[in-house]
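1. Return a 3D structure for these sequence lines:
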Amino acid sequence: MSSIAEKTLAKQFKELSTHPVPGFNVELKNDNIFEWQVGIIGPPDTIYQGGYFLATLKFPEDFPFNPPTFTFNSDFFHPNVYTDGKLCISILHPPGDDPLSGEKAEERWNPTQSVESILLSVVSLINDPNCSSPANVDAGVMYRKDRDQYNAIVKKQVEESKKNIPLEVHIPTTDDQYQVKYQKQEMTPDDNDFWCEDDDQESFGVDSDDD
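-> Take a look at the predicted model:
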C-alpha cells in the first residue's frame, strides 16, 4: 500500500513543483515524501496580506485512500484551526457520511482529491471561515462579535510570520500578482500515466520496486 502512496505523492509533488498553486510554496521535509512543508502566502486585500505561514502536511501510508493532516507550525488564530495548529476542514475528514456532524460523503475526503485541491480549499477557508462548528470556539465567537480584536490578533501573527519568508519567495501585493498564471506543457503519453516514471521516483528517494 505504501508503494502506491509513494508513487502518487511523488507524481503530485513533481506537478506542484513544476506548476505551483497560487499562494503556496511546497517542499519536502527531510526528503520524506510523506511529510511536506507548506508555505502559505497571505492573500492580498485581506488581513493576512504580507504573511507567510508555515504548515506541515503529513500523509498516511494508504494515501490517497485516506486524507493527510494539515497542521500550522506556529500559532494561527482562526475559527477552523485547533489550538494545537491542526486545521479542521471537511475535505480532510475521512471518507463517507458522518451522521454526528451531518457531513455528507461528497463534502469529505475521497481518493480523487489531490494535494492541489487541498491547498486551494485551505486558502479559500483562511479568509472565509466556517463558524457554524468552530474548532477554536474563542476565535469563532470573536470573529462574529468583535472583529476588530480578531483582526488585531491576526495582524500580529502576520507580522511574526514575515520572518519565515524565504529569500527566493516574492510576496505579492496585488491580486494579479497573487493569481500566478501558467501554461502547462503539452503532455506526452507517459505524462498521462497516473504513476511516476522510475527516474522521478529516485529523485524523491522513492524505491521503484513495489512492496
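
2. Count the neighbours of Ile126 for me.
-> 23 (other C-beta atoms under 10 Å). The way it works is simple: take the backbone N, C-alpha and C, and place the C-beta from them, glycine included.

3. I'd guessed it sits against His78; true?
-> Yes: contact criterion C-beta atoms under 8 Å: Ile126 and His78 qualify, at 7.0 Å.

4. all helices in this protein, in order from the N-terminus.
-> For the chain, the helices defined by DSSP state H cover 2-18, 115-126, 137-145, 147-161, 175-178, 198-203.

5. And the first one, what does it pack against?
-> Of the remaining helices and strands, those touching helix 2-18 by 3 or more C-beta pairs under 8 Å, 6 or more residues apart in numbering; DSSP states H and E are strand 24-29, strand 32-41, helix 115-126, helix 198-203.

6. Out of these, flag the one nearest Tyr150.
-> helix 115-126 (13.2 Å; C-beta to C-beta).

7. Just the buried residues of that closest one, please?
-> Neighbour-count burial for helix 115-126 flags 115-116, 118-123, 125-126 (criterion: 16 or more other C-beta atoms under 10 Å).

8. Setting aside sequence-adjacent positions, which residue approaches Phe77 most closely?
-> Using C-beta to C-beta, 6 or more residues apart in numbering and skipping the chain neighbours, the partner closest in space to Phe77 is Ile153 (4.8 Å).

9. What distance do you get for the one you found to Tyr143?
-> Distance of Ile153 to Tyr143, given as C-beta to C-beta, to the nearest Å: 10 Å.

10. tally of neighbours for the residue nearest to Phe77?
-> Residues near Ile153, counting by other C-beta under 10 Å: 15.

11. How about Glu160?
-> Count around Glu160 with other C-beta under 10 Å applied: 13.

12. for Gly50, same thing?
-> Neighbour number of Gly50 under other C-beta under 10 Å is 18.

13. Quick one, grab the pLDDT at it.
-> Listed pLDDT for Gly50 reads 92.

14. Let the chain start at 271 from now.
-> In the new count, where the first residue is 271, that last one comes out as Gly320.

15. Can you read off the pLDDT for the residue nearest to Phe347?
-> With respect to pLDDT, Ile423 has a value of 97.

16. Over to Ser344?
-> Value for Ser344, per-residue pLDDT: 92.

17. Now tabulate the helices and strands packed on helix 272-288 in CSV and tack on distance to Lys284 and mean pLDDT.
-> Formatted as CSV, the helices and strands packed on helix 272-288 follow (distance: least, C-beta to C-beta, whole Å; pLDDT from 0 to 100):
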stretch, distance to Lys284, mean pLDDT
strand 294-299, 11, 93
strand 302-311, 11, 95
helix 385-396, 11, 90
helix 468-473, 6, 41
